[in-house]
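K.L.:
Return atomic coordinates for the entry below.
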Amino acid sequence: MTARRRLALFVREPVAGAVKTRLEPALGAEGAALLYRAFLEDLSAKLVDSARWKAVAVHDGSVPGPVVRELFGGPWTLLPQGSGNLGERLSRCFRTLAGEGDGVTVVAGSDVPALSPAAVSGAFAALEGSCDVAFAPSPDGGFSLVGIPWPVSAAFLEERISWSTGTALSDAAREARAAGLAVRSLPELPDVDRPEDLEALLELLGHTPEIAPATARALQELVPARRGGSR
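P.N.:
Below is the predicted model:
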């Protein structure tokens with residue numbers, strides 16, 4: 001690795017009623033929080049690769065909560081997200097990590113339990129080529145991962161982007177191009193945000209549970225039980 005690589009994962013403390021609230025109609029508040037905790041368990045374990053990148057958990061709140069501290073200790077560095085909307089927090093994260101002075105920063109969401117080290121490596125490879133910003137789309141019109149090489153500015157993320165809507169990716173790409181940046185699209189990374197996303201995740205982990213074992217176990221407990229009760 002010739003340039004410094006930084007992988008930042010945006011994480012939240014898995015508190016019922018405060019995380020994955022759009023999954024509550026399918027799982028309830030406690031179930032949604034338990035599933036999100038499983039996402040964190042899988043991602044914290046498999047995305048550490050000190051030989052290839054520095055791993056940073058970018059947490060909500062001024063200090064990390066107990067679950068975040070437990071799962072993202074050791075080789076992970078902890079960094080607060082700070083205040084503001086998602087664009088402001090993303091921009092701040094890029095600015096802070098780019099302050100190290102070289103290399104590439106990739107930021108991913110923590111609602112993508114199937115995110116793999118190979119996908120992260122692919123994002124770094126793309127950004128070390130000829131683009132200024134790279135996005136991995138999510139099926140709902142947003143994006144699950146965004147990467148920017150130093151010294152490209154991430155200020156475009158603070159512009160006119162309708163976050164948590166079906167136009168978030170197209171808005172962000174428009175603002176990046178308006179800032180004169182070359183944009184590249186990476187392979188899709190499905191996030192798990194809505195009840196309908198659970199079906200795709202069940203199918204994926206039914207064939208390959210090893211890619212997110214904690215999530216697979218949580219789904220076995222949560223989803224079939226609720227299905228059985230609704231018949």
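
K.L.:
which stretches of this protein aren't confidently modelled?
P.N.:
Along the chain, the model assigns pLDDT under 70 to residues 1-3, 224-231.

K.L.:
Do a quick rundown of the strands in it.
P.N.:
In the chain, the strands defined using DSSP state E lie at 5-11, 54-59, 77-80, 104-109, 133-137, 143-149, 183-185.

K.L.:
could those be laid out in a markdown table, adding distance to residue 207 and mean neighbour count?
P.N.:
Yep, even glycine has a C-beta here, placed from its N, CA and C like the rest. Listed next are the strands of the chain as a markdown table, based on distance: least, Cβ to Cβ, whole Å; neighbours: other Cβ atoms under 10 Å:
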| stretch | distance to residue 207 | mean neighbour count |
| --- | --- | --- |
| strand 5-11 | 25 | 24 |
| strand 54-59 | 27 | 22 |
| strand 77-80 | 34 | 15 |
| strand 104-109 | 23 | 25 |
| strand 133-137 | 21 | 25 |
| strand 143-149 | 20 | 25 |
| strand 183-185 | 26 | 16 |
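
K.L.:
Make JSON lines from those strands and add distance to residue 174 to it.
P.N.:
Below are these laid out as JSON lines (distance: least, Cβ to Cβ, whole Å):
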{"stretch": "strand 5-11", "distance to residue 174": "22"}
{"stretch": "strand 54-59", "distance to residue 174": "25"}
{"stretch": "strand 77-80", "distance to residue 174": "28"}
{"stretch": "strand 104-109", "distance to residue 174": "19"}
{"stretch": "strand 133-137", "distance to residue 174": "12"}
{"stretch": "strand 143-149", "distance to residue 174": "13"}
{"stretch": "strand 183-185", "distance to residue 174": "9"}
